[in-house]
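In: Got a predicted structure here, sequence first:
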Amino acid sequence: MNAPRTRRTLATTAAAAALALALSACNSGSVTVPSADAERVDGGTIVYAHQQEPQCLFGGWIEQAYISYQFLDNLFSLTEDGEAVPWLAEDWTVSEDGLTYTLTLKDGVEFTDGTPVDAEAVAYNFDYWVAGGNSTAAVWLGGYYESAEAVDDLTVAIHLSRPYPRFIENLTQGYFGIQSQQALETRTDEENCEQPIGSGAFVVQEWNRGENVVLVRNDEYTSWPENAEHTGPAYVEKVDWRFVADGVTRVSALRSGEADAIYDIPAIEWDGLDGEQYELHKYVTPGRPQQISFNTTRAPFDDESVRKAFIFSLDRESIVDTIGHGVIPFEGNGGVSQATPGYSQKAADWYAEDIDEANRLLDEAGWTDRDGDGYRTKEGKTLEVVFPYNAGTIINADGASIFQAVQEQAKATGFKVDLIPVPPSETWAGTYSGPDSYDISAGYWTSVNAGILYINWRPSTEDNPNYSNSAFYDSPELESLILAANSESDVDAQNALYGQAQEYIAEHALSFGLYDRLSTLGVNPRLRGVWQEHAQGGPTFYDAYFVE
């Protein structure tokens, strides 16, 4: 049997990080790799070190999707080939006009509070999401969802306002985990925040804020996805999901044996862990990459020429290759990442470093003078760029280093970039989110397809604001391209329209790519069966087991 574990808090202070480095040195070298025919050990506790703690265990942030995927089942699961396969829903049909999706649910599935996973509960979840229960699910459904109804106990009809051929595929994302209707209706928001009730392979036992979440096996589990590697309850008894902000500390915990698996491996550590025979997983996230978008509503970037000059100032590929150590993929496309169906290489290749062109464009735009520090000026005003970034939440340490290199390269052509690391408390408070608070903004948005373009570029109106349009750029032409793509049933025609939208973004220098967001895992080889789910790259522990 797996040896019992006592709970230990993984340190995150500077002193503990230094100790972790020492432990790393002591424990470096190849880990013991069990033989291929090593026997499976039923039970045990997986100690997993994750980098960020969410505010609630279900919601619209990817960190919430990662953990809720362990205890909430979705209607569908995504295969490695991008195919949606049954999970809670065993079948579906689409009406001829593409406006009604009729789902047939598995029979006999229950939430862990004993209530049935039936059509009424599923329909309730859809209405709950769009009413504010999940902001990300709501924006995915926005502009398309009209209603959901229980046709009978196991049949639910979802009505759309316009065709959306990739609708089922979108439901594979963790934001669409199904919760108990009874729990949502009768418990407080805080109770549902701390212990969401689903039908999944694990149940939330306790959440020790600032430390960990303990997940225990659902021994009555009956609703595994079609692409799971086994059937029946999970093999392990518990998952100790710990929150460890520092990357060095996470790596040290893996090497010392304190953690069985870790998330978000610093790029500089990748080759070392690989050489030491840890099992490594890397998932390039589809959707919006880690990109920089320009605030087009105020100077200096209300001028398209200045936006282009900023991009031409940068040797983005060398920045990413140097800091990313060949692990982090360079991404030139500001619309979607290279892992996204419908990706446009033409948009990705639109700009390369060209200092002469950057200088020419700035001269033509009137930024002809320089101050004593070498920054360009115009009518006595410095070419200053306010660049806040969400440190420790959206942007990890590697990303922060990449931004510092951007700051340095942009200086050569005369841009003064004010880098402002925004702590999590200010991020959640919405600091630096409005059009008067920044000049450029960095961020990603995971997706399974290029439909994310509608979320990021839908025009914002007073009646229907779009807070995800970080460029504050309203273009009916761009919107019409994306809407046509979203409703196009022919895949080739759909991808062509998505490509045109990406090329429009590049042509007008609305945003530019830097690197593709990664989901990475390091796993001790004595723990097998860990895999990354294919919609967002989160860890999946349902199939995991220890060997001896």
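Out: Ah, there it is.
In: Only C-alpha atoms from now on, for both contacts and neighbour counts.
Out: Will do.
In: Distance check, the residue lying closest to Ile440 once chain neighbours are set aside against Ala544.
Out: Distances taken as CA to CA, 6 or more residues apart in numbering place Phe294 nearest to Ile440, at 4.6 Å, with adjacent residues excluded. Using CA to CA, to the nearest Å, we find Phe294 at a distance of 43 Å from Ala544.
In: and if you look at Asp354?
Out: Counting by CA to CA - Asp354 and Ala544 are separated by 49 Å.
In: Give the residue from the two that has the larger number of neighbours.
Out: Ala544 (19 against 14; other CA atoms under 10 Å).
In: There's contact between the more buried one and Val530 in this structure, I believe.
Out: Yes: here Ala544 reaches Val530: they are 5.0 Å apart, a contact under CA atoms under 8 Å.
In: just checking, the residue nearest to Ile440 touches Asp439?
Out: Yes: in terms of CA under 8 Å, Phe294 counts as a neighbour of Asp439; the distance is 6.1 Å.
In: shared neighbours of those two, anything?
Out: Common contacts of Phe294 and Asp439, defined by CA atoms under 8 Å, 6 or more residues apart in numbering, comprise Phe301.
In: secondary structure class for Val47?
Out: At Val47, secondary structure determined by DSSP: H, G, I helix; E, B strand; the rest coil is strand.
In: if I pick Ser401, what's in contact with it?
Out: Neighbours of Ser401 in contact, by CA under 8 Å, 6+ apart: Ile323.
In: ok, now how distant is it from Lys282?
Out: Per CA to CA, Ser401 is found 20 Å from Lys282.
In: again with Asn449
Out: Counting by CA to CA, the gap from Asn449 to Lys282 is 19 Å.
In: cool, and Thr186?
Out: 40 Å.
In: Tell me which of those two has more neighbours.
Out: Applying other CA under 10 Å to Thr186 and Lys282 shows that Lys282 carries more neighbours, namely 16 against 10.
In: Next, the residue nearest to Ile440: phi, psi?
Out: phi -100, psi 140 (degrees, to the nearest 10).
In: got it, and Gly522?
Out: phi -120, psi 130.
In: Is the nearest residue to it once chain neighbours are set aside part of a helix or strand, or is it coil?
Out: Leaving out its chain neighbours, the residue that sits closest to Gly522 by CA to CA, 6+ apart is Leu280, at 4.7 Å. Classification of Leu280 using three-state DSSP returns strand.
In: before we move on, the earlier item: contacting residues around the residue nearest to Ile440?
Out: Per CA under 8 Å, 6+ apart, neighbours of Phe294: 301, 307, 439-441, 470-471, 510-511.
In: Mind checking what secondary structure Thr104 has?
Out: Under three-state DSSP, Thr104 comes out as strand.
In: Going along the chain from the one helix or strand in the chain whose mean pLDDT sits lowest, find the next helix or strand for me.
Out: Sorting the helices and strands of the chain by mean pLDDT, DSSP states H and E puts helix 14-27 at the bottom, at a mean of 38. Tracing the chain past helix 14-27, the next element assigned as helix or strand by DSSP states H and E is strand 40-41.
In: name the helices or strands packed onto that following strand?
Out: strand 545-547 (3 or more CA pairs under 8 Å, 6 or more residues apart in numbering; DSSP states H and E).
In: Now do the strand it packs on, average pLDDT.
Out: Strand 545-547 shows a mean pLDDT of 98.
In: ok, now stretch 106-113?
Out: Here the average pLDDT along stretch 106-113 is 98.
In: got the CA coordinates for that stretch in PDB?
Out: Taking Å, rounded to 0.1, in the frame of the first residue of the first chain, the C-alpha atoms of stretch 106-113 are listed here in PDB:
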ATOM      1  CA  LYS A 106     -27.200   9.000 -19.200                       C
ATOM      2  CA  ASP A 107     -29.700   7.100 -17.100                       C
ATOM      3  CA  GLY A 108     -29.200   6.600 -13.400                       C
ATOM      4  CA  VAL A 109     -26.500   9.200 -12.700                       C
ATOM      5  CA  GLU A 110     -26.700  11.100  -9.400                       C
ATOM      6  CA  PHE A 111     -25.100  14.100  -7.900                       C
ATOM      7  CA  THR A 112     -23.200  13.400  -4.700                       C
ATOM      8  CA  ASP A 113     -26.000  14.800  -2.700                       C
END
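In: Can you give me the buried ones in that stretch?
Out: 106-107, 109-112 (16 or more other CA atoms under 10 Å).
In: can I get those residues in JSON lines with distance to Glu191?
Out: Below are these laid out as JSON lines (distance: CA to CA, whole Å):
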{"residue": "Lys106", "distance to Glu191": "27"}
{"residue": "Asp107", "distance to Glu191": "28"}
{"residue": "Val109", "distance to Glu191": "23"}
{"residue": "Glu110", "distance to Glu191": "20"}
{"residue": "Phe111", "distance to Glu191": "16"}
{"residue": "Thr112", "distance to Glu191": "15"}
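In: Tell me the one of those residues nearest Gly177?
Out: Phe111 (12.0 Å; CA to CA).
In: What ranges does the stretch 401-548 of the chain have for its helices?
Out: Taking DSSP state H, counting those that start in this stretch, the helices of the stretch 401-548 of the chain run over residues 424-429, 452-457, 476-487, 491-507.
In: Looking at these, spot the one closest to Val417.
Out: helix 424-429 (19.9 Å).
In: what's the average pLDDT for that closest one?
Out: Averaged over helix 424-429, pLDDT sits at 89.
In: Kindly report the same for stretch 139-151.
Out: The model assigns stretch 139-151 a mean pLDDT of 97.
In: Mind listing residues that contact it?
Out: 119-120, 123-124, 126-127, 130, 156-164, 170, 455.
In: In strands, which of those fall?
Out: 156-160 (DSSP state E).
In: Which one (most neighbours) among those residues?
Out: Val156 (24 neighbours).
In: where does that residue land on pLDDT?
Out: At Val156, pLDDT is 98.
In: Contacts only, for it.
Out: Counting by CA under 8 Å, 6+ apart, Val156 has contacts 102-105, 119-120, 122-123, 148-150.
In: Including distance to Ile178, could those residues go into TSV?
Out: Below are the contacts of Val156 laid out as TSV (distance: CA to CA, whole Å):
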residue	distance to Ile178
Thr102	17
Leu103	14
Thr104	15
Leu105	12
Ala119	11
Glu120	12
Val122	7
Ala123	10
Ala148	14
Glu149	15
Ala150	15
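In: quick one: which of the residues you listed has the most company?
Out: Top of the contacts of Val156 by neighbour count (other CA under 10 Å): Val122, with 29 neighbours.
In: Against Glu80, how distant is it?
Out: 26 Å.
In: Next: Gly374.
Out: Distance from Gly374 to Glu80, by CA to CA: 50 Å.
In: and what of Glu353?
Out: Using CA to CA, Glu353 is found at 35 Å from Glu80.
In: Kindly report the same for Phe58.
Out: 24 Å.
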